[in-house]
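Asks: Have a look; sequence and predicted model below, questions after that.
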Amino acid sequence: MVSLRSELEQAAQGLLFVSESEFPLEVFTLPAGLSITSGADFLKAFGDSRQPEVEKVTLAYFFRNMGRMSPDQDPAQQITAQRFVALQQWLETNLQEVRVYRVGQIQVQTYVVGKAPDGTWLGLKTTLIET
């Protein structure tokens with residue numbers, strides 16, 4: 001698990017998720033044995049006792065704009081898009097049961113989480129601003 005966490009940290013290092021603002025992607029872990037079958041289960045496991053509405057989206061939907069490449073991008077933008085594509089592929093390859101939870105409105109806390117081979121949960125969190 002330690003090496004997977006390190007790999008994920010390296011893959012996400014320096015990437016900013018762009019919405020109406022830019023926020024980093026932060027790696028987190030949750031212990032094995034947790035049952036995360038819904039957004040409410042996830043928030044409880046994450047230590048959030050609030051009962052907000054939780055939206056579940058696909059990984060592809062979450063990354064839809066970040067990995068988009070176009071000819072009018074400068075080389076740095078193309079490299080960043082390629083890194084987001086590689087990050088998405090890493091998540092799909094190395095984790096099972098990958099899901100994305102969005103919590104809140106306007107300032108949306110977003111969590112990408114999946115199960116590692118040892119049963120622990122590994123993921124990324126960020127904030128999206130959507131007005």
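Replies: Done, it's in. Numbers count the residues shown, from 1 in each chain.
Asks: Enumerate every residue touching the residue lying closest to Q73 once chain neighbours are set aside.
Replies: Nearest-residue entry for Q73: A81, 7.0 Å, with adjacent residues in sequence omitted and distances by Cβ to Cβ, 6 or more residues apart in numbering. From N, CA and C alone the C-beta is placed, and that goes for glycine too. When contacts are counted by Cβ atoms under 8 Å, 6 or more residues apart in numbering, A81 touches M66, G67, R68, M69, Q73.
Asks: how about TSV for those, with pLDDT, neighbour count and secondary structure added?
Replies: Converted to TSV, those look like this (pLDDT from 0 to 100; neighbours: other Cβ atoms under 10 Å; DSSP: H, G, I helix; E, B strand; the rest coil):
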residue	pLDDT	neighbour count	secondary structure
M66	92	18	coil
G67	87	17	coil
R68	84	12	coil
M69	82	14	coil
Q73	84	13	coil
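Asks: pretty sure the residue nearest to Q73 is in a helix, no?
Replies: Yes: using DSSP: H, G, I helix; E, B strand; the rest coil, the secondary structure at A81 is a helix.
Asks: pretty sure F28 belongs to a helix, no?
Replies: No: assessed by three-state DSSP, F28 does not belong to a helix; its assignment is strand.
Asks: So it sits against K125, correct?
Replies: Yes: assessed by Cβ atoms under 8 Å, F28 is found in contact with K125 at 5.7 Å.
Asks: So for the residue nearest to Q73, what pLDDT did the model give?
Replies: For A81, the pLDDT comes out at 94.
Asks: quick one: average pLDDT of stretch 124-131?
Replies: Averaging pLDDT along stretch 124-131 gives 96.
Asks: Mind checking which of F28 and K125 has more residues around it?
Replies: K125 (19 against 15; other Cβ atoms under 10 Å).
Asks: How far away from the center of its chain is the strand or helix carrying the more buried one?
Replies: Element membership for K125, per DSSP states H and E: strand 121-129. Here strand 121-129 is found 4 Å from its chain centre; the criterion is Cα atoms, centre = their mean, to the nearest Å.
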